[in-house]
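>>> After the sequence you'll find the predicted model.
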Amino acid sequence: MPRYEYRCRTCGDTFERSRPMAESSAPTACPSGHDDTVKLLSTVAVGGSASAPAAAPRSTGGGGGGGCCGGGCCG
């Protein structure tokens, strides 16, 4: 179940709640019981490894390949 972050406008407390996506924007009270809360915009963390291979370099023209200009669809 996704976790969402909220901030209480009354006491300034920031807290998280696990809720179904369909209820992410539904009102929720802060841990202190205040009802004036707002859902915060969350950032997405993507895990990875420093040893992951780098992406292949792009072609600089001059031959076949994908895309509009390299694939011959422009004319």
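Structure received. Residues are numbered from 1 along each chain as shown.
>>> how about the strands in the chain?
3-8, 14-18, 37-39 (DSSP state E).
>>> What is the burial count for the closest residue to Arg19 other than its chain neighbours?
If you skip the residues right next to it in sequence, Arg19 has Tyr4 as its closest partner in space, 6.1 Å away by Cβ to Cβ, 6 or more residues apart in numbering. All C-beta atoms are positioned from the backbone trio N, CA, C, and that covers glycine. Around Tyr4 sit 18 other residues, with neighbours defined as other Cβ atoms under 10 Å.
>>> gap between Arg7 and Cys30?
8 Å (Cβ to Cβ, to the nearest Å).
>>> These two - which one has more neighbours?
Regarding Arg7 and Cys30, a neighbour count based on other Cβ under 10 Å identifies Cys30 as having more, with 20 against 15.
>>> returning to that earlier point: need the contact list for the residue nearest to Arg19.
Neighbouring residues of Tyr4 by Cβ atoms under 8 Å, 6 or more residues apart in numbering: 16-19, 24, 39-40, 42.
>>> What subset of those is buried?
Applying a neighbour-count criterion of 16 or more other Cβ atoms under 10 Å, the buried members of these are 17, 19, 39.
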